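Colleague: Would you be able to build a 3D model of this:
(2 chains)
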Protein chains: 2
Amino acid sequence: MTSEYHQTIVIGAGISGIKASIDLTRNGIDTLILEARERVGGRLYTIKSDSGIPMDIGASWFHDCLDNPLLHKAYDQGHIKFYYDDGRFDIYTKEHGLVDENHHLQAAADEIKDYLKQICMEKYTPETDVSLREACLDYLKLKGYTLTDELIRYAPQLIRYYEMWIGSSWNALSARQVGTDEHFGRNAMVTNGYITFYNDELDELASVSGFSKGTDLIGSKIRLNQVVYKIRFDDQSKQIFVHTRNELTRLETVYRCEYLICSTPLSILKLQDTSAKGAIEWQPPLPSDIRAKLGKVSFSGLGKVFLEFKNCFWSKETDRFLYLPEPDDELTEAYKTGKSITFEKEDKEIELTSSPDPFKYVVLFMNLYRAAGVPILLALISQPLTGFIEASSDEVIWKFFKPLVRQITGKRWTSNPVSIHHTNWTHDPFSRGAYTGVSVGDDVEACINALKEAKGIFDDKGRVRFVGEGIIEQGNGCVHGAWLTGKREAEKVVKLVNRGKL
Amino acid sequence: MTSEYHQTIVIGAGISGIKASIDLTRNGIDTLILEARERVGGRLYTIKSDSGIPMDIGASWFHDCLDNPLLHKAYDQGHIKFYYDDGRFDIYTKEHGLVDENHHLQAAADEIKDYLKQICMEKYTPETDVSLREACLDYLKLKGYTLTDELIRYAPQLIRYYEMWIGSSWNALSARQVGTDEHFGRNAMVTNGYITFYNDELDELASVSGFSKGTDLIGSKIRLNQVVYKIRFDDQSKQIFVHTRNELTRLETVYRCEYLICSTPLSILKLQDTSAKGAIEWQPPLPSDIRAKLGKVSFSGLGKVFLEFKNCFWSKETDRFLYLPEPDDELTEAYKTGKSITFEKEDKEIELTSSPDPFKYVVLFMNLYRAAGVPILLALISQPLTGFIEASSDEVIWKFFKPLVRQITGKRWTSNPVSIHHTNWTHDPFSRGAYTGVSVGDDVEACINALKEAKGIFDDKGRVRFVGEGIIEQGNGCVHGAWLTGKREAEKVVKLVNRGKL
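Modeller: Reported below is the predicted structural model:
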């Protein structure tokens, strides 16, 4: 079997792989990108509704606008439309409808946030870590004497807003780490498709590669449908052999390279069952330290559901509608009576035959009418609900959301959606979730460090570099974080190559 | 001249001095408290209006409720009434009246807050520090391209909310340090007089001292009107001589002790002119390092004005009304044209003959109708306005506030107040301001450390300890911070005494 040689192979044509490829190419290093899916972009993925409205199934926001290196670039390029969705934020419950500020709910939840940030981070190790739900009980034990009954019941529900950032439920979220989720400035929602930004990067790659436009790269510098299933190091030739299977033709191909940039999601990297779809067998295996650290990081499942209606029949004045679940009676009782609770530490799948009660989940509705002038409510959900919704029919999905849409509109009636589009990341074998999360017992920092160092792989010359949203502290889980890892690791390869030349 | 001997003398009968005295007494160490004023309490000072409403001229809040060690105690004692004033918070400007959330003003100001916290803290040293106002211009240069014209003009005005925390204007506030002002949970306003809490502590001191009630201590263990003007160490006897002058009788007295706990405000400690009222001459002088560090800390001037009306004619639904100053045209122009500004770095006195324009200042009105059911608007102001207001007649004061009260009530008319009461800390020779602040170039941390260590004083045996709100990181400027320093330093003296016994 012959094999195609490139100095560097990049696995994955997401934003981190593209950025790495740009920087390598600019430094005269030959790169080839292997992409498992039949499209580029990875978790930047914009689709269009029948009416032509762009909808981001992948990332939606430029986060951390204060130090997001892509923001100024995007403004300069002038192709992206932004909306800062940080105007009116309304909170709803089944009991209250719209919750007035004078319930002091936000203030009490902010205190729980301080508790997580200032107490839990110190108090717990990955070994002693507890869930966000358990931390809420601990908080109540500490500060419940200052709270009204209403706050005791509802403040823990509002802190579940974290579920909307990370995509796991409070049963799974790590009390030790959820509070480390710091923000650096505002968040800018992209309203004309995040792929616009990706395409600008792709054009940049084309330009530095001598192609006239990004799409020309497909089939040449970027190969689609190439599912990597084995990465083998040959100690004689000191080359890395990348084995792929074509998703469509089942054709197997082998590529050779000296340097490898791996941008598969951590969910893929941490797969232990090498027969699972998308899994990669490393020969020789990745060092046990790296494998152990990969066991200390989770992939969560933020879900997005675009409910498109004929018209906007909800408030045009509210950016975000947060529906809060009904109080957790077991938690309240445990606080009041001292009765103990057996806390789950992970999200358990919701059976597809069941009918989950919508009033038990936290759902954040983004008002795309305000953001983009389109009659869409974008519902954000977290695991385990995401897994259920992503596998359900439109009928089941609408049955779930309908009562909540009624709540946030305050109306007894609601139109039916003209279309429903949603994410499928939890069932996508090449992502197996939405992005890196923080579950009970995780040690994200340790995993980041292990993958940044990437020591002991193959001949330990640093040939294998890992990139992606999960492998960075500041910008973790974000597009700019992923982009920065591409930049960071390309720089390392450039140094290695240049050192080799001397 | 004979002199009265006590093992320990505590200068100041504020909360830190009382707490130190309680802990020393409980450990069998004889203490005497010398108080300069004709009342105890220091900057815990509750007065009553003619109609009997308690008004706190000193501290009003239990801050940092998540780790405030006094909160649980106060709840247990059950004497204090609290109100959590963190419900509806409304922002007003002259231009908009009530500012709608959809102006995104809070979001933009939060980004400036992130800028201060995450960039300025790193960027500046005490030597290169700039004012909050200058930092706002720098922020605009960095992020103005993402802001609407309205946000460019108003977001810097909202970040001036810091003036209400610290009591200096944005001309004086340190960009490097203002963002370090972290909060640990909610803030609980005392509605029945903070002196209630002080009196409980005083009763505790009475109890451990063998007196039946706190007031019995006055004249015995606590001496009023004793203005300390000299502290002298006698190297032969190894005793500290504390010289006082009676405020009323001019009678001079000398006390002797082995240990001294000094709770004078830092504003007093940093006085260089020993002839100034309240100033203390140290013989031998305090070490030059301590004096230098005292030069790196400022005292600010939060002012409080209680506007008592016959009835509540403002919204009963709002906890706090924040009046934002009109935009700073010089700043906006500097951002837009690049024209440079000469920034002031301190607050300059407002001449008493002038008529300051109320629309140029940030004023926070606390709605005491919501907090305590009384028809009072409590206006918080900062320097240099505080100095002006505290020296002005009620007529001048009302002339200043009247247009602002109209703004926040949205009414063309307003009743006249039936009484006006206000702070006088900036003109009080024994406080010379309200509490420790953070001015441009300050190095609060260094000063705290120098005073905590208190090295090189007299025979360097650690006989002199400093306590008070300014000498602690967490809880700085707060009642519980002051209390904690009393506890901390008493512990050190107890150790020294016990070591001496061995």
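
Colleague: Show me what residue of the stretch 301-450 of chain A gets nearest to chain B.
Modeller: Here the stretch 301-450 of chain A gets closest to chain B at one residue, residue A:317, 6.4 Å apart by Cβ to the nearest Cβ. In this view, the C-beta of every residue, glycine as well, is placed from N, C-alpha and C.

Colleague: quick one: pLDDT of that residue?
Modeller: Per-residue pLDDT puts residue A:317 at 97.

Colleague: likewise residue A:502?
Modeller: Taking residue A:502 on its own, its pLDDT is 63.

Colleague: tell me, how many neighbours does the closest residue to chain B within the stretch 151-300 of chain A end up with?
Modeller: Using Cβ to the nearest Cβ, the closest approach of the stretch 151-300 of chain A to chain B is made by residue A:185 at 4.4 Å. Residue A:185 has 26 neighbours, counted by other Cβ atoms under 10 Å in any protein chain shown.

Colleague: follow-up on the earlier one: and the residue of the stretch 301-450 of chain A closest to chain B, how many neighbours?
Modeller: Using other Cβ under 10 Å, the number of residues around residue A:317 comes to 13.

Colleague: got a list of what residue A:112 touches?
Modeller: Applying Cβ atoms under 8 Å, 6 or more residues apart in numbering or on different chains, we find residue A:112 in contact with A:135-136, A:139, A:155-156, A:159.

Colleague: ok so, going back, work out for me the element the residue of the stretch 301-450 of chain A closest to chain B sits within.
Modeller: Under the criterion DSSP states H and E, no helix or strand holds residue A:317.

Colleague: Can you report phi and psi for it?
Modeller: Dihedral angles of residue A:317 (phi, psi; degrees, to the nearest 10) stand at phi -100, psi 0.

Colleague: same deal with residue A:323?
Modeller: Dihedral pair for residue A:323: phi -90, psi 120, per degrees, to the nearest 10.

Colleague: if I read this right, it contacts residue A:409, doesn't it?
Modeller: No. Contact criterion Cβ atoms under 8 Å: residue A:323 and residue A:409 do not qualify, at 11.2 Å.

Colleague: In terms of packing, which of these two has more residues around it?
Modeller: It is residue A:323, of residue A:323 and residue A:409, that has more neighbours when counted by other Cβ under 10 Å, with 24 against 17.

Colleague: Who does that one form a beta bridge with?
Modeller: Assessed by DSSP bridges, residue A:323 has beta-bridge partners residue A:92, residue A:363.

Colleague: tell me the contacts of it?
Modeller: Residue A:323 sits next to A:92-93, A:361-365, A:404, A:407-408 when contact means Cβ under 8 Å, 6+ apart.

Colleague: likewise residue A:178?
Modeller: A:116, A:120, A:132, A:162, A:166, A:438.

Colleague: which pair in the residues you listed spans the largest distance?
Modeller: For the contacts of residue A:178, the farthest-apart pair by Cβ to Cβ is A:120 and A:166; their separation is 14.9 Å.

Colleague: Quick check: closest non-adjacent residue to residue A:23.
Modeller: In this structure, residue A:23 finds its nearest non-sequential neighbour in residue A:490, 3.7 Å apart by Cβ to Cβ, 6 or more residues apart in numbering or on different chains.

Colleague: Quick check: the residue nearest the centre of chain A vs residue A:14, distance?
Modeller: By Cα atoms, centre = their mean, chain A has its centre lying nearest to residue A:435, at 2.7 Å. Residue A:435 sits 11 Å away from residue A:14, taking Cβ to Cβ, to the nearest Å as the criterion.

Colleague: anything in contact with each of these two?
Modeller: Common neighbours of residue A:435 and residue A:14 are listed as residue A:43 (criterion: Cβ under 8 Å, 6+ apart).

Colleague: returning to what we had before: settle it for me: which of residue A:120 and residue A:166 has more neighbours?
Modeller: residue A:166 (27 against 23).

Colleague: I'd like to check which residues are in contact with the more buried one.
Modeller: Applying Cβ under 8 Å, 6+ apart to residue A:166 gives the contacts A:173, A:178, A:181, A:300, A:302, A:382, A:437-438, A:477.

Colleague: Sitting in helices, which of those residues do you find?
Modeller: Within these, residues falling in helices by DSSP state H are residue A:178.

Colleague: if we can go back for a sec, what about the residue nearest to residue A:23, helix or strand, and which?
Modeller: helix A:479-501.

Colleague: rewinding a little: just the ones of the contacts of residue A:112 in helices?
Modeller: Per DSSP H, helices hold the following members of the contacts of residue A:112: A:135-136, A:139, A:155-156, A:159.

Colleague: How about the contacts made by the residue nearest to residue A:99 when sequence neighbours are not counted?
Modeller: Leaving out its chain neighbours, the residue that sits closest to residue A:99 by Cβ to Cβ, 6+ apart is residue A:91, at 4.4 Å. Counting by Cβ under 8 Å, 6+ apart, residue A:91 makes contact with A:98-99, A:105-106, A:158, A:322, A:324.

Colleague: Tell me the first helix or strand C-terminal of the longest strand along chain A.
Modeller: Under DSSP state E, the strand in chain A containing the largest number of residues is strand A:252-262. For strand A:252-262, the succeeding helix or strand toward the C-terminus, using DSSP H and E, is helix A:266-269.

Colleague: Go ahead and name everything in contact with whichever helix or strand comes after that next one.
Modeller: Per DSSP H and E, the first helix or strand lying C-terminal to helix A:266-269 is strand A:281-283. Identification of contacts with strand A:281-283 by Cβ under 8 Å, 6+ apart yields A:229-233, A:274.

Colleague: and what of stretch A:242-250?
Modeller: So stretch A:242-250 is contacted by A:9, A:11, A:34, A:36-38, A:225-232, A:251-257, A:260 (Cβ under 8 Å, 6+ apart).

Colleague: Could you do stretch A:143-155 as well?
Modeller: A:93, A:99, A:103-105, A:108-109, A:111-112, A:115, A:136, A:140, A:324, A:327-328, A:332, A:335, B:65-66, B:71-72, B:75, B:82, B:84, B:185-186, B:188.

Colleague: So which bits of that stretch are buried?
Modeller: With burial defined by 16 or more other Cβ atoms under 10 Å in any protein chain shown, the residues of stretch A:143-155 counted as buried are A:143-144, A:146-147, A:150-155.

Colleague: Rounded mean pLDDT for that stretch, please.
Modeller: Mean predicted lDDT for stretch A:143-155 stands at 98.

Colleague: Quick one: end-to-end distance for stretch A:172-189.
Modeller: 27 Å (Cα to Cα, to the nearest Å).

Colleague: what does stretch A:256-276 give?
Modeller: For stretch A:256-276, the first and last residues are 24 Å from each other (Cα to Cα).
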